[in-house]
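Novice: fold the stuff below for me.
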Amino acid sequence: MIAFLINVFRLIRAIVIGLKKDHEFRILLFLLVTLLAGSTTFYTWHESWSVMNSLYFSVVTMSTIGYGDLTPTTVYSKGFTIVFTFLSTGVFVALNAKLVILIINRKR
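Specialist: Residues are numbered from 1 along each chain as shown. Coordinates of the predicted model:
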């Protein structure tokens with residue numbers, strides 16, 4: 001449990017450093033939040049899902065986990081999901097890579 005808490009602390013510290021000192025990190029975070037807000041709004045309106053289910057589906061899709069418990073049912077939602085997946089996966093991976101770089105550089 002202590003190791004988990006230490007890693008959470010390192011992650012939070014890397015996020016704070018990224019927000020303060022790294023312009024690229026701020027842009028990636030802004031893109032990620034914008035994509036999540038837009039997709040959550042879209043799925044809430046077009047699929048009639050709750051906000052929590054819409055956010056959950058967006059995060060699961062963005063991170064390429066894809067549990068399959070929620071699936072888009074309309075043609076518009078399926079098309080949106082295709083575009084959303086391509087855009088958000090790249091931003092998600094880039095942001096995580098940036099976080100790893102910040103954590104590694106902090107150790108040095």
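Novice: can you name every helix or strand that the helix or strand hosting residue 81 contacts?
Specialist: Using DSSP states H and E, residue 81 falls within helix 75-107. Judged by 3 or more C-beta pairs under 8 Å, 6 or more residues apart in numbering; DSSP states H and E, the packing partners of helix 75-107 are helix 2-21, helix 23-46, helix 51-62. For every residue, glycine as well, the C-beta is placed using N, CA and C.
Novice: which residue is the nearest non-sequential neighbour of residue 92?
Specialist: residue 62 (4.9 Å; C-beta to C-beta, 6 or more residues apart in numbering).
Novice: please apply the same query to residue 18.
Specialist: Looking at residue 18 with C-beta to C-beta, 6+ apart, the closest residue is residue 25, at 3.5 Å.
Novice: just confirm that neighbour contacts residue 100, I think it does.
Specialist: No - the criterion here is C-beta atoms under 8 Å, and residue 25 misses it with residue 100 at 11.6 Å.
Novice: between these two, point out the one with more neighbours.
Specialist: Higher neighbour count among residue 25 and residue 100: residue 25, with 21 against 11, using other C-beta atoms under 10 Å.
Novice: contacting residues for the more buried one?
Specialist: With contact taken as C-beta atoms under 8 Å, 6 or more residues apart in numbering, residue 25 is in contact with 18, 19, 95, 98, 99, 102.
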